[in-house]
Structures are given as C-alpha cells and as structure tokens.
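Q: Sequence first, then the predicted structure:
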Amino acid sequence: MSQPTSEICYGPMKSGKSRHLIAQAEAMATQSRAFLAFKPRQDTRDGCFIRSRDPGSRSVEALVINQAQEILEYVTLYQAHPQRFRTRLEGLCPQPDTLTLSEALTGLSPLVACLIDEVFLLDSALIEVMNSLIAQGISVYLSGLDRDFRCEYFPLRDYAEQGLTMQQVIQACQKSYLLTAACEECGEEAPYTLRLINGLPAPYHSPTILIGDEEYQARCQTHHALASQPVYAVQAKAFA
Ligand SMILES: [Zn+2]
C-alpha cells in the first residue's frame, strides 16, 4: 500500500480547484479505490456536489458537513459497517452526470482517501482531522480559496478563538499547488479574487463571507491593487 498523502490545491475563484478534485475522484473510481467526498454546508451554491465549471466534467457527490470533526465520524461509520453505510448513500442526491459515493464505495474496500472541497469554510479542527486520517492510512485531498477578497489569508471559521487561517492549512499539507485564473481585466495570470458589490470593489471592512448581490472576479496583482485603493487614489494616479 502506498503511503498516505495530504495535498491541497488553492487559488482564486475560477482557477479550476474543483476540477482538480474531481479528476482525483475519477481516477480513484477507475481504479476501484474507495473514497469519501465532503463539502461544508455553508457553500450552498451546488447542494451536495463538488462541481466544476468545465462542461465536460462530471460532478462528484459529497457529504455535507457543518464541522471538520464530522469527517472522522463518517469514516468511522464506514469502516464499522461498509455495506450498511453504502446502502444508506444510494439515491442520496440523484442527479445525472454524477459520480456518486455509492459508486465510489462499490468494492467496500478500506478507504484510501477523503476529498474535501471549499475547506476555507471549515473550522480549525480540520488540521487535526487531516493528521488523524493520515495516521489511519487515508490520504487527504483538499481544495479551496487561500485568500479572501482583500488578498489576506482566509480566516477559518473559528478564527476568533483559534487564530488559524488557510495559511496554516496549506502549511500542514505535504504538497500544495497554487492554481491561477485569467485576470478578468487584462487576461494575465490572476492569483487573487476581487469582490464587486453593484459593480464596485467591496470596501475593505465588509464581511469576509457574504451571501447576496455580489460578484467575484479573478484579478492579477495590478488590477486587484488598483481596485482595492480608495477611489480618489485611483483618480489621482490617472491625472499624474
Ligand atoms: Zn489584470
């Protein structure tokens, strides 16, 4: 058996992070290697699926969790009664063009991996959960934004108590991959995400997570930095 690994792919919106996880899932399904997939409840856009914008890509069914700790609970449940666990998953989220978890567990073999999407929405117990999975011989594949709309490392959900951000999650992984998107202003490589509210860059002090009438764009350093400055500074530059 190969050594378990922990890997994260991170980057801005629209950089193909979910596509990367889906490719891992498809490869494991082809090799009949059992895995579970998870996503935080807070990410409600796609229901119980890991989805990519890539039209050729299947979605992957995922168990929706509130807290990182629930991942270990699901793993324990599967290991105790694989058949019963798999039966309960059948028809969980029926949808065409989906790699289902009951398909992922067809062989009822020991789990080789857990896939977790949008990890920046979880709590800091994620790091202990990862270490525990590795100790059990289970690999962990993560994906998520590394930085918020201000370009600062995304604070984990319990940041106020624990002080951890995505920086510590990335450091805790054995391998990390930064994915970039194309800047929606100039097409150059974009490592950052900009939030627009009614078409204007969001104020620095607006909440890190917003559900509402906002839009996110991938931006290069130049076009993120310009947009993040107060409007008068941009105007002054234009007249310089
Ligand atoms: Zn740009």
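A: That came through, no problem.
Q: So which bits of this structure are right by the ion?
A: Cys183, Glu185, Cys186, Glu188, Cys220, His223 (C-beta under 5 Å from the ion). (Glycine included, C-beta is placed from N, CA and C.)
Q: can you rerun that using 6 Å?
A: The chain comes close to the ion at residues Cys183, Glu185, Cys186, Glu188, Arg219, Cys220, Thr222, His223, as judged by C-beta under 6 Å from the ion.
Q: Report the secondary structure state of Glu70.
A: Following DSSP: H, G, I helix; E, B strand; the rest coil, Glu70 is assigned to helix.
Q: and the next element down the chain from the biggest helix by length in the chain?
A: Longest helix in the chain by number of residues (criterion: DSSP state H): helix 17-30. Next helix or strand after helix 17-30 toward the C-terminus (DSSP states H and E): strand 35-40.
Q: tell me, what residue is most central in this structure?
A: Nearest to the geometric centre of the chain sits Glu118, at 2.4 Å (C-alpha atoms, centre = their mean).
Q: which residues does that residue contact?
A: By C-beta atoms under 8 Å, 6 or more residues apart in numbering, Glu118 lies in contact with Lys39, Pro40, Gln42, Asp43, Ser143, Gly144, Leu145.
Q: How about Phe38, nearest residue that isn't a chain neighbour?
A: Ile116 (4.7 Å; C-beta to C-beta, 6 or more residues apart in numbering).
Q: can you give me the helices for this structure?
A: Here the chain has its helices, by DSSP H, at 17-30, 69-80, 82-89, 101-104, 125-135, 159-162, 166-172, 221-228, 231-239.
Q: Dump these into TSV; add mean pLDDT as well.
A: Formatted as TSV, the helices of the chain follow (pLDDT from 0 to 100):
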stretch	mean pLDDT
helix 17-30	94
helix 69-80	97
helix 82-89	92
helix 101-104	92
helix 125-135	98
helix 159-162	95
helix 166-172	98
helix 221-228	78
helix 231-239	48
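Q: May I see those arranged in TSV, with mean neighbour count as well?
A: As requested, these are exported to TSV (neighbours: other C-beta atoms under 10 Å):
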stretch	mean neighbour count
helix 17-30	19
helix 69-80	16
helix 82-89	15
helix 101-104	20
helix 125-135	18
helix 159-162	12
helix 166-172	18
helix 221-228	17
helix 231-239	10
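Q: In the record's domain split, what are the boundaries for this protein?
A: When the chain is parsed with automatic domain parsing, its domains come out as 6-179, 180-240.
Q: need the contacts of Glu118 in TSV with neighbour count and pLDDT, can you?
A: Shown next, in TSV, are the contacts of Glu118 (neighbours: other C-beta atoms under 10 Å; pLDDT from 0 to 100):
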residue	neighbour count	pLDDT
Lys39	30	94
Pro40	24	94
Gln42	15	82
Asp43	17	71
Ser143	28	97
Gly144	25	95
Leu145	22	94
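Q: Now do the spatially closest residue to Gln83 that is not a sequence neighbour against Phe154, distance only.
A: Once flanking residues are discounted, Gln83 sits nearest to Leu108: 6.0 Å by C-beta to C-beta, 6+ apart. From Leu108 over to Phe154 the distance is 36 Å, taken as C-beta to C-beta, to the nearest Å.
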